[in-house]
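Student: Build me a structure from this.
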Amino acid sequence: MPNGVRTRNLFDPASSAPYKLSRSKLEMFVRCPRCFYLDRKLGIGQVSMPAFTLNNAVDLLLKKEFDRYRAREEPHPLMRTFGVEAVPMRHPQLDDWRNNRIGVQGLDGESNMLLYGAVDDLWLNVDGETHVVDYKATSIDGTVTLDGTWKESYKRQVEVYQWLLRHNNLLVSDTAFFVYVNADKAKADFGETLVFSTVILPHDGDASWVPEALHEARICLERQTLPPSDPACEWCMYRKAAGEVESR
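Tutor: This next block holds a predicted model:
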């Protein structure tokens, strides 16, 4: 990609094969169709961000911790603390569903889009329903909640997973859970240790928007011209401002 334009994984309107689309790219479409079109149709992606290595470490350690209780088919103590009547789910495909290169996959027949995404965890409740679980890490003052405009993307994330798992014939609960860890910044010193408090936050998901979003994403990719800029999109604002300066 010497000129910054990608040639792989582009949408080809002439192809009859399902177009594979990640959950994060569907989220990009929801946020800004123009950025989505530039990325998936023209090969001009957004600039990659640095890896959140501390968050990734928390994610990995949480998976190891919950996996110990999964092997014993016992609830994690946090689940008891927050009144979640479930156990970490054992499933032969869980490793694939957690794998970013494979993930949970589901084909939407109307749009011919093959959507996929990697889950953090699945819990099985006493009624035989599967709960989608996502791990989040932060460091803020005050109480961790799911309120705020930017956290709407977190809610859409677990709703996509609910839709995907239902396409894999699982009985999926509308209730998803966020295991949210918050690093304490009020400590007197670092001492080579971060101290976290952990909460489990429920979200009543509604995945009914997913098929329509996939349908609209397909229509977007079949356009012959760029969609209009989203006035709220920071990437669009940056490209516009940079283009105006460069043109002068």
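Student: so residue 133, which of the three states?
Tutor: strand (DSSP: H, G, I helix; E, B strand; the rest coil).
Student: Is it in contact with residue 180, as I believe?
Tutor: No. If you go by CB atoms under 8 Å, residue 133 and residue 180 don't touch, sitting 11.0 Å apart. Glycine gets a C-beta too; all of them are placed from N, C-alpha and C.
Student: quick one: which of those two has more around it?
Tutor: residue 133 (24 against 20; other CB atoms under 10 Å).
Student: Can you tell me what sits against stretch 200-220?
Tutor: 19, 21, 26, 29-30, 33, 36-37, 78-79, 81-82, 84, 108, 110-113, 115, 132, 144-146, 155-156, 158-160, 162-163, 166, 174-180, 227 (CB atoms under 8 Å, 6 or more residues apart in numbering).
Student: Now do it: distance from first to last residue.
Tutor: This stretch, stretch 200-220, spans 37 Å end to end (CA to CA, to the nearest Å).
Student: what does stretch 19-39 give?
Tutor: End to end - CA to CA - stretch 19-39 spans 14 Å.
Student: before we move on, what about stretch 97-105?
Tutor: 8 Å.
Student: Flag every buried residue along that stretch.
Tutor: By neighbour count with 16 or more other CB atoms under 10 Å, stretch 97-105 contains the buried residues 97, 98, 103, 104, 105.
Student: Filter these down to the ones in helices?
Tutor: Judged by DSSP state H, the buried residues of stretch 97-105 include 97, 98 as members of helices.
Student: Low-confidence ranges, the protein, go.
Tutor: Where the chain drops to pLDDT under 70, the residues are 1-3.
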